[in-house]
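S.K.: this one's sequence-less:
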Ligand code: ADP
Ligand code: ZN
Ligand code: ZN
């Protein structure tokens, strides 16, 4: 029998290095296929897993058996298995955890612990202990296995724990794992169908004088032979009962039919003709179309200034993909942006559009996923995790605002959806278009070297001018009254309100980490080794670098101009809202930040109010800066632009340039020209001056020089190792131990360097102390090799990692 056995390789949703092997019992053999979900035993539990391989031999000798197969047809296509496997390998995380992130929660099956009688207890009730124990066992005998909580409630016990444990050790009960069906199921609706000829129905209807509701239902069924019961009831209150009577009389049948939940607004189809493309759009579209006909694996950068009509190019390219029988995927960086994107795409493509993001209900995600998998919807729009959308015949992937750091997931699996999209396109022979007004340095670098195809939309549509930007030097406007809103910005807001136009006020909250800044010359103290701003620790009055662990006492005077005006900074949206309210009591204010966008449709509500003109001034964090297209916004004000420069991150200048360019791009998209005021203490900083002149190329070249001199990406690849533990001594010791292990596996310093270990900027999170180590290497291959060798050595050294959690972050975007 040995050589006839089939072994299933199963990726489970647990932190394990590789899939687990299981025998496939004969009874399940015919139902097994790669890509299906299965139930397997792990320890004493039953867990959900994904069947990723079927083989004949296993290196493991004592294999357990597969318990169940959940799907009739595989949930995951070979293409998605290949993609998620790449993600697992590249980002160095368990495959099962990538699959968990890829598949909507509604498909998840869980298992729970229940208590059941042992066979002996069942057969010999006379041996049961008396009293409460007997009541409890009696209950189990009658009702079968129960959860502890339910058991306690039903037999009226407050603290059942000790008793249950005692009965278990005495052999009366046992703990077993039981499967919980998925929370989400296909939605069923009742359909009513006439099952007699219409002519017969007509005569019947006339004979129904004493049952007017039944007559009315028959009348409706003559107009249209099949109705959703709910729709009948909506037309005619009381229809439900009438249908029941008619069904008893075998005049109609009622059947349960699945009805998909849909998310995209299907009723807003726009029948006006799309605009005629301008020359640059036309040129870009032609290139994308020729790649669609003959994909060559080269990613495309669509580099178009704000308002240059990138979305229109995406939509035309999607139409072409559909006409070629292909499907398309559109990624947008945040949920707040999906609403507007979905509205625009649904207006053009109607029911072809499915939406996937974490803001949907579990049922909605479940259905949208299935609509895509079945090919009923051919365009998926969504945030990060939609990169795993099940699209058969995928032809085109659009990554809008590709530079955005929210494409990076900051928990396991720590993937960047933009990069996964590039790989997915290469694996599936699809075309990937990365769109942005401010491409990431990495992306533009590849485009400038010919690794990506660079397509430019250098002007706004209809020759609308880019907004006029004014820099307001906060050092000049230093009175307490002007600290939040300077006089020039106050005047600009007043004029904007007078013209009945709208205005956005951006607070750059990325600068929330405390830092010191000189009020006289604008200097923020920097680390001598790393060229990042030092973080100010109020409690012990020190400045620290969180890349290299450099630390110094906070100086009393400015290191550059020696003035005594070093101040600690930090400012919130609510405070700004209050100030604006005091200055413009008449104006209708809106606020958009993490606090006001908690609810499911909160973003939409706020943006809807903006588009309906119910808000005069919208105050917000960076989420207001992106992508939105509202023609009546003519003024954008930026408070504390330089806050972002103080965070300890080598990308801080890039993020600031992007943010300023993006938020400026919200102004003047309609007929009137836009105006932008940027308040800053550092008007001479290159991020601000290049944004001032709409000069992406100038910024790119300056920043590339800096990156090269410090050997940061795109000149190197980074990996961050984070070590966390409740024990501050252990985490430090483990970090140092691990750093020595890494050093043992490091090639020469030209290929790989190590920074740290150092305390992370957020040194304690959820009661865990955090340390990190940063690796810089010439390629990701060098990083992988060193990390694999070090991690496998560390595994044999069980001592040092005790109680310390270690996670790997490839291409990290956050250094907090
Ligand atoms: P981007 O995504 O580059 O910021 P959008 O695609 O949102 O720009 O375009 C801005 C506005 O211009 C939209 O309202 C869009 O409908 C309109 N638009 C796009 N292309 C054209 C065109 N060729 N002629 C006129 N209007 C256009
Ligand atoms: Zn100074
Ligand atoms: Zn440093």
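M.R.: Cool, the structure landed. Being a predicted model, the structure only gives us computed values, none of them experimental. Ligands and ions are numbered 1, 2, ... in the order given.

S.K.: use CA for all of it now, contacts and neighbours both
M.R.: Fine.

S.K.: And stretch 14-25, end to end?
M.R.: End-to-end distance for stretch 14-25, by Cα to Cα, to the nearest Å: 23 Å.

S.K.: Tell me how far the spatially closest residue to residue 641 that is not a sequence neighbour lies from ligand 1.
M.R.: Excluding the flanking residues, the one nearest residue 641 by Cα to Cα, 6 or more residues apart in numbering is residue 680, at 5.3 Å. Distance of residue 680 to ligand 1, given as Cα to the nearest ligand atom, to the nearest Å: 26 Å.

S.K.: wait, doesn't residue 680 sit right on residue 474?
M.R.: Yes. Contact between residue 680 and residue 474 holds when scored by Cα atoms under 8 Å: they sit 5.3 Å apart.

S.K.: Which helix or strand in this structure has the lowest average pLDDT?
M.R.: Here the helix or strand of the chain ranked lowest by mean pLDDT, DSSP states H and E is strand 535-537, holding a mean of 76.

S.K.: Mind listing the strands that one pairs with, and their directions?
M.R.: Strands that pair with strand 535-537, judged by DSSP bridges, come out as strand 542-544 (antiparallel).

S.K.: Only the buried residues of the strand it pairs with, if you could.
M.R.: Neighbour-count burial for strand 542-544 flags 543-544 (criterion: 16 or more other Cα atoms under 10 Å).

S.K.: which secondary structure element contains residue 345?
M.R.: helix 335-349 (DSSP states H and E).

S.K.: Let me see the mean pLDDT of that helix.
M.R.: Helix 335-349 carries an average pLDDT of 84.

S.K.: Quick one: list the elements packing against it.
M.R.: Other helices and strands packing on helix 335-349, by 3 or more Cα pairs under 8 Å, 6 or more residues apart in numbering; DSSP states H and E, are strand 353-356, strand 379-382, helix 602-611.

S.K.: contacts for the first one?
M.R.: Outside of strand 353-356, the residues that reach it under the criterion Cα atoms under 8 Å, 6 or more residues apart in numbering are 262-264, 342, 345-346, 365, 368-369, 371-372, 377-383, 385-386, 389.

S.K.: For residue 680, list the residues it contacts.
M.R.: Counting by Cα under 8 Å, 6+ apart, residue 680 makes contact with 471-475, 639-642.

S.K.: Just put the helices and strands packed on helix 335-349 in TSV and tack on mean pLDDT, mean neighbour count and distance to residue 668.
M.R.: Below are the helices and strands packed on helix 335-349 laid out as TSV (pLDDT from 0 to 100; neighbours: other Cα atoms under 10 Å; distance: least, Cα to Cα, whole Å):
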stretch	mean pLDDT	mean neighbour count	distance to residue 668
strand 353-356	92	28	29
strand 379-382	96	27	27
helix 602-611	83	18	14
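
S.K.: wait, which of those is closest to residue 333?
M.R.: Nearest to residue 333, of all the helices and strands packed on helix 335-349, is strand 379-382, at 8.2 Å by Cα to Cα.

S.K.: any residues touching the closest one, and which ones?
M.R.: Taking contacts as Cα under 8 Å, 6+ apart, the residues outside strand 379-382 that touch it are 327-332, 335, 338, 341-342, 352-357, 372, 386, 389, 391.

S.K.: So which of those residues reach ligand 3?
M.R.: Subset of the contacts of strand 379-382 in contact with ligand 3: empty, counting by Cα under 5 Å from the ion.

S.K.: Okay, buried residues for the longest strand seen in the chain please.
M.R.: Ranked by residue count and defined by DSSP state E, the top strand of the chain is strand 752-765. Going by neighbour count (16+ other Cα under 10 Å), the buried part of strand 752-765 is 752-761, 763-764.

S.K.: same check, this time on stretch 399-415
M.R.: Neighbour counts over stretch 399-415 (16+ other Cα under 10 Å) mark 399-409, 412-415 as buried.

S.K.: same question, stretch 323-332
M.R.: Neighbour counts over stretch 323-332 (16+ other Cα under 10 Å) mark 326-332 as buried.

S.K.: quick one: contacts for the residue in the stretch 151-300 of the chain that ligand 2 sits nearest to?
M.R.: At 44.6 Å from ligand 2, residue 300 is the closest residue in the stretch 151-300 of the chain, using Cα to the ion. Residues in contact with residue 300 (Cα under 8 Å, 6+ apart) are 288, 431-434, 452-455.

S.K.: if you look at these, which of them are in helices?
M.R.: Using DSSP state H, the members of the contacts of residue 300 that fall in helices are residue 288.

S.K.: Please give me every residue in contact with residue 272.
M.R.: Counting by Cα under 8 Å, 6+ apart, residue 272 has no contacts.

S.K.: Residues of the stretch 501-650 of the chain that sit close to ligand 2?
M.R.: So far as Cα under 5 Å from the ion goes, the stretch 501-650 of the chain lies against ligand 2 at 518, 521, 558, 561.

S.K.: Buried only: go through those for me.
M.R.: When these are checked for burial by 16+ other Cα under 10 Å, the buried set is 518, 521, 558.

S.K.: Format these as JSON lines; extra columns: secondary structure and pLDDT.
M.R.: As requested, these are exported to JSON lines (DSSP: H, G, I helix; E, B strand; the rest coil; pLDDT from 0 to 100):
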{"residue": "518", "secondary structure": "strand", "pLDDT": "89"}
{"residue": "521", "secondary structure": "coil", "pLDDT": "87"}
{"residue": "558", "secondary structure": "coil", "pLDDT": "90"}
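
S.K.: Go through the buried residues of strand 752-765 and name the one nearest residue 534.
M.R.: Closest approach between the buried residues of strand 752-765 and residue 534, by Cα to Cα: residue 761, at 9.8 Å.

S.K.: Next, the contact list for the closest one, please.
M.R.: By Cα under 8 Å, 6+ apart, the contact set of residue 761 is 535, 546, 648, 815-816.

S.K.: among those residues, which are in strands?
M.R.: Counting by DSSP E, the part of the contacts of residue 761 found in strands is residue 535.

S.K.: The stretch 451-600 of the chain: strands as residue ranges?
M.R.: Applying DSSP state E, counting those that start in this stretch to the stretch 451-600 of the chain gives strands spanning 453-457, 468-473, 502-507, 516-518, 535-537, 542-544, 551-553, 566-568, 589-592.

S.K.: Check those for me and report the most buried one.
M.R.: Among these, strand 502-507 has the highest mean neighbour count (mean count of other Cα atoms under 10 Å), at a mean of 27.

S.K.: got the contact list for it?
M.R.: 493, 496, 571-573, 613, 615-622, 624-625, 632-641, 663.

S.K.: let's see it at 6 Å
M.R.: With contact meaning Cα atoms under 6 Å, 6 or more residues apart in numbering, strand 502-507 is reached by 616-621, 632-633, 635-639.
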